[in-house]
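Visitor: Using only what follows, build the 3D model:
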Amino acid sequence: MIDHTYKTIFIHQRKCAGASIITSFGCQPQNEEWGAFNDGVLSSIWSERDPAYFVFAVVRNPFDRLLSGWKYLPSTPNGRC
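Guide: Next up, the predicted model:
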């Protein structure tokens, strides 16, 4: 996500409240900048970014993510992902 008002680039890691963070910046899912740079340095436009922009991401505790996934399994068909 790119926010030109705050000169910010947010790299959305899955399952880390990224949609909430992006929405708090006022960016909507239909906005083309919603998914920009989600692949970080692997993004095809990474080299085109403005170096003056602040880049950040949120990383979840790996154990917490494992536990969350384990608790999610019963809601999937046959208890599988």
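Visitor: so where do the strands sit in the chain?
Guide: In the chain, the strands defined using DSSP state E lie at 2-3, 8-11, 54-57.
Visitor: Please work out which residues outside the shortest one touch it.
Guide: With CB atoms under 8 Å, 6 or more residues apart in numbering as the test, strand 2-3 has contacts from 8-10, 25-27, 33, 36-37, 53. All C-beta atoms are positioned from the backbone trio N, CA, C, and that covers glycine.
Visitor: which among those residues end up buried?
Guide: Buried members of the contacts of strand 2-3, counted by 16 or more other CB atoms under 10 Å: 9-10, 27, 36-37.
Visitor: Closest to Ser43 out of these?
Guide: Phe37 (5.1 Å; CB to CB).
Visitor: From the centroid of the chain, which residue is nearest?
Guide: Central residue of the chain (CA atoms, centre = their mean): His12, 1.3 Å from the mean position.
Visitor: Pretty sure that one sits against Asn38.
Guide: Yes - checked against CB atoms under 8 Å, the pair His12 and Asn38 is within contact range at 5.0 Å.
Visitor: just to revisit the earlier point, identify the residues contacting the residue nearest to the centre of the chain.
Guide: Taking CB under 8 Å, 6+ apart, we find His12 in contact with 1, 18-19, 21-22, 35, 38, 57.
Visitor: Let me see the confidence value for the closest residue in space to Phe25 that isn't next to it in sequence.
Guide: Once flanking residues are discounted, Phe25 sits nearest to Asp3: 4.7 Å by CB to CB, 6 or more residues apart in numbering. pLDDT for Asp3: 88.
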